[in-house]
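K.L.:
Build the 3D model from these lines:
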Amino acid sequence: MTHTLLKSRTAAAISWAVVLTLACAAPLNTINAASNPTATTFADTVYFGGPILTMEGDAPSYAEAISVKNGKILAIGTKADVLKDQGKNSRIVDLKGKVLLPGFIDAHGHAWTTGFQKLSANLLPPPDSAGKDIDALINELKSWQQRNSVAIDKVGWIVGFGYDDSQLAEQRHPTAADLDKVSTELPVVIVHQSAHLAVMNHKALEMSGINAQTPNPPGGVIRRNSDGSTPDGVLEEMAFFSPIFKLLATFDASVNERIALAGADYYAEFGFTTAQEGRASKAQVETWQKLASQNKVKIDVAAYPDLQAEQAFMKTVSPTVEYANHFRIAGVKLSLDGSPQGRTAWLTQPYKVPPPGQPKDYKGYPAIPKAEDREALVNEAFQNHWQVLAHCNGDAASDAFIDAVAKAERKYGKGDRRTVMIHAQAVREDQLDEMKKLAIIPSFWHADLLLG
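P.N.:
Sure thing, here's the model as predicted:
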């Protein structure tokens with residue numbers, strides 16, 4: 001779940017453009033439409049008055065006007081031709097010189113988690129928020145606590161999202177002692193910008209059952225104080241995911257729905273018409289299904305349930321190509337390592353600067369330590385014809401995935417599986433050659449739109 005967060009600068013970058021989000025487009029400037037008695041099908045909306053980028057072909061292609069009917073393009077071409085589609089009830093939009101282009105499609109992201117971040121305390125560094133140092137994080141968390149007493153009463157936690165240790169003045173992660181300055185009575189958790197690490201105050205560590213005797217879980221690390229045993233509050237990978245998943249499991253339907261809709265709204269705000277729900281839980285999928293059945297989802301959301309945690313659930317549902325009221329289960333997600341930002345990505349060569357307490361030959365670590373377990377999961381996906389998206393940041397993780405796919409393909413055949421390696425940040429040229437043979441599609445890095 002490594003994330004490049006949707007930040008305020010993103011809005012500035014696309015402010016010159018009007019993104020055609022058919023489900024939620026707002027008028028820029030409208031004029032009364034004249035009736036066209038000869039037309040057999042009238043448009044709901046006609047756009048003109050600015051460059052319309054069609055994305056057709058390898059070079060930029062523009063049109064003068066475009067008409068829309070029932071959420072789909074009716075015609076595109078010259079203004080004179082397209083205006084023939086107008087009826088007395090058509091909405092005519094003058095772009096006033098602004099550019100219109102197709103809605104953005106999220107190549108990999110986490111729509112529900114985007115909503116979770118949107119509703120949490122914003123700890124992003126400047127210019128996106130005030131998270132320049134640890135004192136600023138503490139002040140924002142206290143301010144958020146004052147503004148969100150109802151939510152805290154319901155959920156029971158103070159939550160922040162988006163801090164970046166590399167951009168803090170102290171050049172370190174906050175600690176449990178730092179977060180105790182926010183509260184010693186309420187649990188506090190702040191999520192790293194990568195979403196692969198987090199920090200808890202002592203109350204949250206206590207509630208999560210994490211203490212000096214707690215061993216590191218497989219695929220995770222509990223960072224310790226100088227005594228080598230007492231947790232300092234920083235949790236990596238599964239050491240963070242396990243307690244946070246337990247917290248999320250306590251959310252009732254109304255909380256899950258509010259978070260999901262906040263995520264969809266934020267995607268739409270930045271021009272996305274399709275979002276992914278990567279590594280989705282059963283509860284998240286069921287939340288989207290319920291909202292879709294109520295026609296509350298206004299962008300397309302493609303869910304990829306967690307292959308490791310949700311195998312039983314996947315046996316009860318069927319991935320589809322078509323959306324039902326803007327939602328579909330598209331396949332499964334597999335996570336094989338962590339984040340380069342948090343130095344938890346699994347590499348074949350040592351990090352230049354290892355995390356505190358790690359040796360000079362530290363190379364990160366796998367999320368699933370045993371090769372036979374990784375291979376069994378990929379086999380499960382191939383056997384059930386589930387498209388599998390695998391999170392691989394480090395090249396050692398990429399090696400593990402390539403090897404597992406090669407073995408599964410020999411067992412179950414090639415097929416049109418459209419297997420995807422997500423991130424592929426450290427992928428080597430020899431690995432790209434193997435990926436081509438196995439038809440593994442690299443999704444290099446990405447704007448993984450948590451607000452990623």
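K.L.:
Residue 105 reaches residue 271, doesn't it?
P.N.:
No. In this structure, residue 105 is not within contact of residue 271 by Cβ atoms under 8 Å, at 10.4 Å. Just so you know, the C-beta spots here come from the backbone N, C-alpha and C atoms, and that holds for glycine as well.
K.L.:
What lies in contact with stretch 356-370?
P.N.:
Stretch 356-370 is contacted from outside by 218-219, 221, 223-224, 237-238, 308, 335-338, 343-351, 354-355, 374, 377, 391, 394, 396-397, 400, using Cβ atoms under 8 Å, 6 or more residues apart in numbering.
K.L.:
Sort out for me which of those residues are in helices.
P.N.:
238, 374, 377, 396-397, 400 (DSSP state H).
K.L.:
If you rank the residues you listed by neighbours, which is first?
P.N.:
Of all those, the highest neighbour tally under other Cβ atoms under 10 Å goes to residue 397, namely 32 neighbours.
K.L.:
In this model residue 339 seems to touch that one, though I could be wrong.
P.N.:
No. Applying Cβ under 8 Å, one finds residue 397 not in contact with residue 339, separated by 11.2 Å.
K.L.:
Could you name every residue contacting both of those two?
P.N.:
With Cβ under 8 Å, 6+ apart as the test, residue 397 and residue 339 both reach residue 345.
K.L.:
And this structure, what are its domain boundaries?
P.N.:
Per automatic domain parsing, the structural domains of the chain span 22-102, 111-248.
K.L.:
coming back round to it: I'd like the ones in helices among the contacts of stretch 356-370 laid out as CSV, including pLDDT and distance to residue 250.
P.N.:
Formatted as CSV, those follow (pLDDT from 0 to 100; distance: Cβ to Cβ, whole Å):
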residue, pLDDT, distance to residue 250
238, 96, 19
374, 98, 30
377, 98, 27
396, 98, 35
397, 98, 31
400, 98, 33
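K.L.:
From the residues you listed, pick the one nearest residue 133.
P.N.:
Nearest to residue 133 out of the ones in helices among the contacts of stretch 356-370 is residue 238 (Cβ to Cβ; 29.0 Å).
K.L.:
Pull the contacting residues for that closest one.
P.N.:
By Cβ under 8 Å, 6+ apart, the neighbours of residue 238 are 217-220, 367.
K.L.:
returning to what we had before: and residue 105 and residue 271? which has more neighbours close in?
P.N.:
residue 271 (18 against 12).
K.L.:
Next, the distance between the ends of stretch 66-77.
P.N.:
Separation of the first and last residues of stretch 66-77 by Cα to Cα, to the nearest Å is 7 Å.
K.L.:
Please enumerate the helices of the stretch 151-300 of the chain.
P.N.:
176-179, 202-207, 238-248, 253-269, 282-293 (DSSP state H, counting those that start in this stretch).
K.L.:
For the longest one, which residues meet the burial criterion?
P.N.:
Of the residues in helix 253-269, those with enough neighbours to count as buried (16 or more other Cβ atoms under 10 Å) are 255-257, 259-264, 266-268.
K.L.:
circling back: between the ones in helices among the contacts of stretch 356-370, which is nearest residue 330?
P.N.:
Closest to residue 330, out of all of the ones in helices among the contacts of stretch 356-370 and judged by Cβ to Cβ, is residue 377, at 17.2 Å.
K.L.:
Got phi/psi on the closest residue to that closest one other than its chain neighbours?
P.N.:
On the basis of Cβ to Cβ, 6 or more residues apart in numbering, the spatially nearest residue to residue 377 that is not a chain neighbour turns out to be residue 307, at 5.3 Å. Main-chain torsions, residue 307, degrees, to the nearest 10: phi -60, psi -40.
K.L.:
and if you look at the one 10 residues further on?
P.N.:
Note on residue 317: its backbone torsions stand at phi -130, psi 170 [degrees, to the nearest 10].
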